[in-house]
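Student: Below are the sequence and a predicted model; questions follow.
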Amino acid sequence: MKIFSIPACSNFPYSEIRHYSYDLLELRLDYSENPLVFPTRLESFLSIDSTTIVTIRDLSEGGVKSIPFEQKLASYLELIKRTNCLVDCEFELFIKHNPPIPHENLILSKHFSEECSNLSETVSETIDKANKFNVRYLKLIIPVETYQQMQNFSNWKKASKTPLIILGSGLLGKLSRILWKLNGSVGTYLALENFKTSPDQLTFEEYELYGCELLDERTILGGIIGDKHVYNSLGLLYYNRKLRRIDSRIAYLPFPVKDLQDFVSWLRYMNQQIIFYGFSVTMPFKSLFSQYFFTTEQKSDHHLSSGQEHPSKSDSYQQQKIKQSSQTSDILTSLAQTNDLTSKIANLFSVKVDTNHQLEDILPEQFLNTDLDAFRESIKILNVDKDDLILVFGAGATACTFLREFTNFANLKISSRNEEKGIALAKLCKIRYLSLKEIADVTFDLVVNCTPLGMVGEDFFSVTGITMPKKFLDLTYTKQKTKAINRCIEKKIPCVDGQKFWLLQARRQEEMFRRNISKLL
């Protein structure tokens, strides 16, 4: 069920409403100059009837204006009498005042605080109380910071006698709304891009992009694993367009992750309902994610934490008990005495192509580093010679991949804003580290930007002080070309930008995804 939420403000494009398909329409009157007086001019653009939800939310409920409950109640009752619309009433106010609102016209809503000491228990108590009333819907707005919390959603659905509308907020707020069907909700709220009544609401465009209407037990699911920036990934449009041509059940979704164990536990839980075809892996998990699975003890009772229990030379790699780190440098340090570091960095996690228990035994060969493909092709495009003076800027997984792949190049150097991490990687790869002062007056044959510098409009060369090189490889991808790439184009310096680099590695991922999907269908 799609619920179109509209703020009743003077600049909302009401004439555009007719272009969108939805099941219910929510009118947020608290955005109006006078929330208690229904703006009759709206009725020329939309019909107020039993498919309309009228919401007047007080400041204390997260609304826009302070509105006495008695006045709000009078407005609700008058509207119900005149139009038979639905109204939204905050749960605690309903319990306190016991208003004479017809239950068939009532949506009870409860906003849960991030500071709630026992969220699961409090939600369950709310559901138990709501079960005593035969209202139309119970709407729960729940902060979702972990996949374990999202895993509880389906249990709450089973406990509720009232149809639940479950809406997430926080890190996984948007993802929980994308997966509304799988999470036990009867619907989700949508909005226009510049007129959201909640920051985590999906737009109609996002709803279509992710194929939310089709995300159910028949879904074949994959996506991108990374930090909160995964929603900006180029792959969301690219893979959904490409893979949905194979079957409409296929979706490629963004998965923001803080704790890998939390995410993997959720994957295994969801694997009881749906099947997966694979995941792209982006920063900060390119090293960490593969390392997490490369340990023999990978069950849920093992947590990994930063920088402890480093392997000794005599340790077998499969026997290491390395604890989870949120920093790539910690992984590089813990891997310092392994010979094949590049194979421990992955940006593609290919699950076993088996419809049952796909994630029970995850093996190292299921991880691929498709950045290698992109680096090899970029070096060919730029016609880089093995004797060229090359500077790799950055100290993360992609910098490590480049350095290890082209170890036979004679003049590799590394620099980074984080000197400690840069020196550690230089020592690991047995090359020279250059400080920011040392690189300022050197003209390199090739500079490789392995950092996000340029992502938010900054100029890579101005920030780092690096002299314009003879050739440039920029891994930073944005919708528009970065300032550094534009400068190269102006000066006719051969370059490969982040979008081109991304596409070069995406082709290998697409090939693997297609292969897995063909075996799952």
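Tutor: Perfect, I can see it now.
Student: in the stretch 101-250 of the chain, which spans are strands?
Tutor: In the stretch 101-250 of the chain, the strands defined using DSSP state E, counting those that start in this stretch lie at 106-111, 137-143, 164-169, 188-191, 202-203, 220-226, 250-256.
Student: Which residues lie in contact with residue 359 in this structure?
Tutor: 264, 267-268, 271, 276, 351-352 (C-beta atoms under 8 Å, 6 or more residues apart in numbering). Yep, even glycine has a C-beta here, placed from its N, CA and C like the rest.
Student: most neighbours, which of the residues you listed?
Tutor: Sorting the contacts of residue 359 by how many neighbours each has (other C-beta atoms under 10 Å) puts residue 276 first, at 23 neighbours.
Student: Next, it: secondary structure please.
Tutor: Per DSSP: H, G, I helix; E, B strand; the rest coil, the secondary structure class of residue 276 is strand.
Student: Name the SS class of the residue nearest to it when sequence neighbours are not counted, please.
Tutor: Excluding its sequence neighbours, the residue lying closest to residue 276 (C-beta to C-beta, 6 or more residues apart in numbering) is residue 351, at 4.9 Å. Recorded secondary structure, residue 351: coil (three-state DSSP).
Student: Tell me the spacing between residue 351 and residue 6.
Tutor: Distance of residue 351 to residue 6, computed by C-beta to C-beta, to the nearest Å: 41 Å.
Student: Next: residue 108.
Tutor: 21 Å.
Student: likewise residue 260?
Tutor: Residue 260 is 39 Å from residue 6, by C-beta to C-beta.
Student: For the two, work out which one has more neighbours and name it.
Tutor: Using other C-beta under 10 Å, the more surrounded residue of residue 260 and residue 6 is residue 6, with 25 against 19.
Student: tell me the contacts of that one?
Tutor: Listed by C-beta under 8 Å, 6+ apart, the contact set of residue 6 reads 12, 14, 17, 25-28, 191, 195, 197.
Student: next one: residue 434
Tutor: Per C-beta under 8 Å, 6+ apart, neighbours of residue 434: 391, 413-415, 442.
Student: which of those lies closest to residue 66?
Tutor: Of all these, residue 415 has the smallest distance to residue 66: 55.3 Å, by C-beta to C-beta.
Student: in the sheet, who's paired with that closest one?
Tutor: Counting by DSSP bridges, residue 415 is bridged to residue 393.
Student: Now do residue 245: how many residues are near it, please.
Tutor: Applying other C-beta under 10 Å, we find 9 residues neighbouring residue 245.
Student: Quick one: mean pLDDT over stretch 404-413.
Tutor: When pLDDT is averaged along stretch 404-413, the result is 92.
Student: gap between the two ends of that stretch?
Tutor: Start and end residues of stretch 404-413 are separated by 12 Å (C-alpha to C-alpha, to the nearest Å).
Student: Report the buried residues of that stretch.
Tutor: Judged by neighbour count using 16 or more other C-beta atoms under 10 Å, the buried positions of stretch 404-413 are 404-406, 409, 411-413.
Student: before we move on, what about stretch 50-66?
Tutor: Of all the residues in stretch 50-66, those buried under the rule 16+ other C-beta under 10 Å are 52-58, 61, 63-65.
Student: Select from those every entry located in strands.
Tutor: 52-55 (DSSP state E).
Student: what's the closest of the residues you listed to residue 520?
Tutor: Distances from residue 520 to those, taken by C-beta to C-beta, are shortest for residue 53, at 39.2 Å.
Student: Report the contact partners of that closest one.
Tutor: Residue 53 neighbours (C-beta under 8 Å, 6+ apart): 3, 24-27, 85-88, 107.
Student: Could you rerun that using 10 Å?
Tutor: The neighbours of residue 53, taking C-beta atoms under 10 Å, 6 or more residues apart in numbering as the test, are 3-6, 24-28, 85-88, 105, 107, 136-137, 139, 189.
Student: Tell me the one of the buried residues of stretch 50-66 nearest residue 477?
Tutor: Residue 477 has its nearest neighbour among the buried residues of stretch 50-66 in residue 64, at 37.3 Å by C-beta to C-beta.
Student: Return the residues in contact with that closest one.
Tutor: Residues near residue 64 by C-beta under 10 Å, 6+ apart: 7-9, 28-32, 35, 56-58, 197.
Student: So, low pLDDT: which residues of the stretch 201-350 of the chain?
Tutor: 288-345 (pLDDT under 70).
Student: mind running it again at 80?
Tutor: By pLDDT under 80, the low-scoring segments of the stretch 201-350 of the chain are 283-350.
Student: my guess is residue 421 contacts residue 450, does it?
Tutor: No. Using C-beta atoms under 10 Å, residue 421 is not in contact with residue 450, being 11.7 Å away.
Student: Neighbour count: those two, which is higher?
Tutor: With neighbours defined as other C-beta under 10 Å, residue 421 and residue 450 compare such that residue 450 has more, 25 against 20.
Student: what about the helices in the stretch 401-521 of the chain?
Tutor: 419-429, 436-439, 460-464, 483-490, 498-520 (DSSP state H, counting those that start in this stretch).
Student: how long is stretch 132-141 end to end?
Tutor: End-to-end distance (C-alpha to C-alpha), stretch 132-141: 20 Å.
Student: Centre of the chain to that stretch, how far?
Tutor: Its chain's average C-alpha position is 29 Å from that of stretch 132-141, according to C-alpha atoms, centre = their mean, to the nearest Å.
Student: go on, stretch 238-245?
Tutor: Worked out by C-alpha atoms, centre = their mean, stretch 238-245 lies 18 Å from the chain centre.
Student: three-state assignment of the spatially closest residue to residue 99 that is not a sequence neighbour?
Tutor: Spatial nearest neighbour of residue 99, chain neighbours left out: residue 73 (5.0 Å); criterion: C-beta to C-beta, 6+ apart. Using three-state DSSP, the structure places residue 73 in helix.
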